[in-house]
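Novice: Starting from these lines, generate the structure:
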Amino acid sequence: MKWMSDEEYSELTGLELSAIDDLIERGKLTVKIENGVRYIDPSKGATEVIVPAKLSELSEKNKHEMLVQPEFVEKTIGTIINLHEKVLDAKDETLEAVRTENEFLREALASLQELYDEDRKTIHTLQEQLKLSQQEVEFMRRKYKLMWNKAIEEHTDNNV
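Specialist: Now for the predicted structure:
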């Protein structure tokens, strides 16, 4: 714990030495005396005594300024309620816009899924046609090879 001299404590709190003496006499501050110098514990009593004393002093000075007219309170409450209603309306509009957007996105996703399924079917059909065409080409190649081999044999047989 750090002890402070009267002057340091006065500087820290803004209290005059007479006010500090009064607080010490009332037992609100913890003090010790070393080598003829009085030291004050700043951690004790500062929040309990000084702050409330300052607040009460300020409130006494400004008592006439702190009165609030009922009309001001009514207008303030009315303004707050009006703003709250506007926020609720904006929230409802936002929720409706989000719902509409979500429905649109669902429909778009369903449409894309249908197109994807159709494309998959088309790809499958084209793959099947490609296989059949490749089989037909292979069959024609073998057929022509046999035909040419037969034609070559007949031609060589006739020339021999």
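Novice: rest of the way, CA atoms for contacts and neighbours
Specialist: Fine.
Novice: I'd like the distance between Lys32 and Gly78.
Specialist: Going from Lys32 to Gly78 by Cα to Cα, to the nearest Å gives 57 Å.
Novice: Where do the domain boundaries of the protein fall?
Specialist: Under automatic domain parsing, the residue ranges defining each domain of the chain are 4-61, 68-160.
Novice: Just put those in CSV and tack on mean neighbour count and mean pLDDT.
Specialist: Output for these, formatted as CSV (neighbours: other Cα atoms under 10 Å; pLDDT from 0 to 100):
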stretch, mean neighbour count, mean pLDDT
domain 4-61, 14, 74
domain 68-160, 12, 92
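Novice: Where do the strands of this structure begin and end?
Specialist: Taking DSSP state E as the test, the strands found in the chain are 4-5, 31-34, 37-40.
Novice: Adding distance to Ile24, write those strands out as JSON lines.
Specialist: As requested, the strands of the chain are arranged in JSON lines below (distance: least, Cα to Cα, whole Å):
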{"stretch": "strand 4-5", "distance to Ile24": "13"}
{"stretch": "strand 31-34", "distance to Ile24": "8"}
{"stretch": "strand 37-40", "distance to Ile24": "9"}
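Novice: Please name whichever of those strands is nearest to Lys150.
Specialist: If you check each of the strands of the chain against Lys150 by Cα to Cα, strand 4-5 wins as the nearest, at 123.9 Å.
Novice: show me where this structure has helices.
Specialist: Taking DSSP state H, the helices of the chain run over residues 6-13, 17-25, 51-61, 70-159.
Novice: Tabulate these (a markdown table), appending distance to Arg38.
Specialist: Formatted as a markdown table, the entries for those read as follows, by distance: least, Cα to Cα, whole Å:
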| stretch | distance to Arg38 |
| --- | --- |
| helix 6-13 | 7 |
| helix 17-25 | 11 |
| helix 51-61 | 22 |
| helix 70-159 | 51 |
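Novice: Between these, which one is closest to Pro42.
Specialist: When the helices of the chain are ranked by proximity to Pro42, the top entry is helix 6-13, at 7.1 Å, counting by Cα to Cα.
Novice: Give me the angle between that closest one and helix 17-25.
Specialist: Computed by axes from the mean of the first three to the mean of the last three Cα atoms, to 10 degrees, the angle separating helix 6-13 from helix 17-25 equals 100 degrees.
Novice: That concludes my questions; thank you for your assistance.
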